[in-house]
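Colleague: Turn this into a structure:
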Amino acid sequence: MTRLKKAPVVAAGLVLAALAGCGGDAALRTITANDVSRQLPATDAPVGTVADAITAFGYRLETSAFPAGQNSVISPLSIAYAFAMARAGAGGETAAQIDKVFGFPGAGLPDAFNSITGQVVTADTPPAEKSKPNEDGTPRPPVVCLGSALFPQDGQTIGKPFLRTLAAQYGAGVHPVDFASGEAAGPINKWVSQETAGRIKKLFDSLPSETRLVLANTVYLRADWARSLFAQEPSTTRPFTRTDGTTAQVPMINGQDQLRYASGTGWQAVEVPYAGGQLAMRILLPASGKAPGPLLAPATMSAVNAALREQDVTLSLPRWDFASDLDLKSALEPLGLTVPFHAGADFNGISPGFYVDQAQHRANITVDEWGTEAAAVTGLSFATAARAPSKIQLTVDHPFAFAIVHTPTGVPLFMGQVADPSVH
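Modeller: The predicted structure is shown next:
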């Protein structure tokens, strides 16, 4: 079933301060326009190409940004989604670098993300209250939410085509804030918390008063295991061997069922389905002493998918619950994304002079015998490039000549010289 969140959007191209906000919460007002509605996904959108690109990008980022012995969790979808939105307002070398680093196709990118949203999302917003697993062991329906928003400086003009694309294809609402007041983080963080069911409370550590725009995306997941696989067996405590060879006693959840399993040279894999049949977790286990990161390589992921077959599997899996914070600017520059983060970037489709001043990603995940809950947010803050200091300094402090010229023809209307400007 396709679900597309309706997107309130600013009337394209107008100064935000000139429009009236709507909604019951004054701290998080939304600008709306009646002439922009969410577009239905294109049937020929390059979804497969974009899905492969997100997989490849996620592998490159995961293996380059985190040491082999460190817990890590990222949402490649959230990061790619945020930069795809920024790409809608990019041009020149800025757009070309984003396409290269993320593997975005030359055409159809907004359509692809619109289609992905329609296929993946199950609800407009996360559940307002934490619900407990069903006492009878039956799984709850999965919840997958994608949220997108723009937080521009009140009074900042944003480009018309950019706003229309973000509304129609990405479902992004527009929430004006005042960065100069020092209180803009409040409504932004409130939105992030709402869109992640309270799992993420803060996007940026700080936002300078010079910030002109924050673009944000969230992904929220709550999914129970199908058939309550792990709820039938008691948990146990077993040793877990770390990368450095040391061990720790950790709680393990245990289950036995018909699961899709595969093995290859140096690895084993099992697919644990979630309720609903549309989502699953693939556990990729390397041979003892080998790093797990390389198993996320697209070629290996594809090989695992092709080799998975139903088997009677007894599975012991540790519970885990941790978070990762990632400065995307420092993480993406080694991958080749540099131009968007510096003055001179071409985000003219958003507003002339914009460049990405900060790029932040936060993600967390909880896995237990009932299922999985995870959330992520990606935020890009844009500033306006300051005028570069002049390389040439000219001080007119001695006699000089002048000419007043009609520049198209070169005809001098007036000319003369100034020998002493103090004489009248």
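Colleague: From now on I want contacts and neighbour counts done on CA atoms only, so please keep to that.
Modeller: Fine.
Colleague: Could I get the contacting residues of the nearest residue to Gly336 once chain neighbours are set aside?
Modeller: Excluding the flanking residues, the one nearest Gly336 by CA to CA, 6 or more residues apart in numbering is Val101, at 6.4 Å. Residues counted as contacts of Val101 (CA atoms under 8 Å, 6 or more residues apart in numbering) are 57, 335-337.
Colleague: Mind doing that once more with 7 Å?
Modeller: Shown in contact with Val101 (CA atoms under 7 Å, 6 or more residues apart in numbering): 335-337.
Colleague: among the residues you listed, who's most crowded?
Modeller: Neighbour tally across the contacts of Val101 (other CA atoms under 10 Å): the maximum, 21 neighbours, falls on Leu337.
Colleague: so what's it closest to, chain neighbours aside?
Modeller: Gln97 (5.9 Å).
Colleague: Please identify the helix or strand for that neighbour.
Modeller: Using DSSP states H and E, the element containing Gln97 is helix 92-102.
Colleague: re the thing from before, so the residue nearest to Leu337 sits right up against Pro340, yeah?
Modeller: No - the criterion here is CA atoms under 7 Å, and Gln97 misses it with Pro340 at 8.2 Å.
Colleague: who has more neighbours, the two?
Modeller: Neighbour count, other CA under 10 Å: between Gln97 and Pro340, Pro340 has more, with 25 against 19.
Colleague: Could you point out which residue ranges in the chain have low pLDDT?
Modeller: Low-confidence segments of the chain, defined by pLDDT under 70: 1-36, 129, 131, 135, 386-424.
Colleague: remind me, longest helix of it?
Modeller: For the chain, the helix with the greatest residue count under DSSP state H is helix 47-65.
Colleague: Return the helix or strand following that one as PDB; C-alpha atoms alone will do.
Modeller: Using DSSP H and E, the next helix or strand after helix 47-65 towards the C-terminus is helix 76-87. Only the C-alpha atoms of helix 76-87 are listed here, as PDB (Å, rounded to 0.1, in the frame of the first residue of the first chain):
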ATOM      1  CA  PRO A  76      21.900   5.500   4.800                       C
ATOM      2  CA  LEU A  77      18.300   6.200   3.700                       C
ATOM      3  CA  SER A  78      18.100   9.300   6.000                       C
ATOM      4  CA  ILE A  79      21.400  10.700   4.900                       C
ATOM      5  CA  ALA A  80      20.800  10.100   1.200                       C
ATOM      6  CA  TYR A  81      17.300  11.500   1.600                       C
ATOM      7  CA  ALA A  82      18.600  14.800   3.100                       C
ATOM      8  CA  PHE A  83      21.200  15.200   0.400                       C
ATOM      9  CA  ALA A  84      18.700  14.400  -2.300                       C
ATOM     10  CA  MET A  85      16.600  17.200  -1.000                       C
ATOM     11  CA  ALA A  86      19.600  19.600  -1.000                       C
ATOM     12  CA  ARG A  87      20.400  18.300  -4.500                       C
END
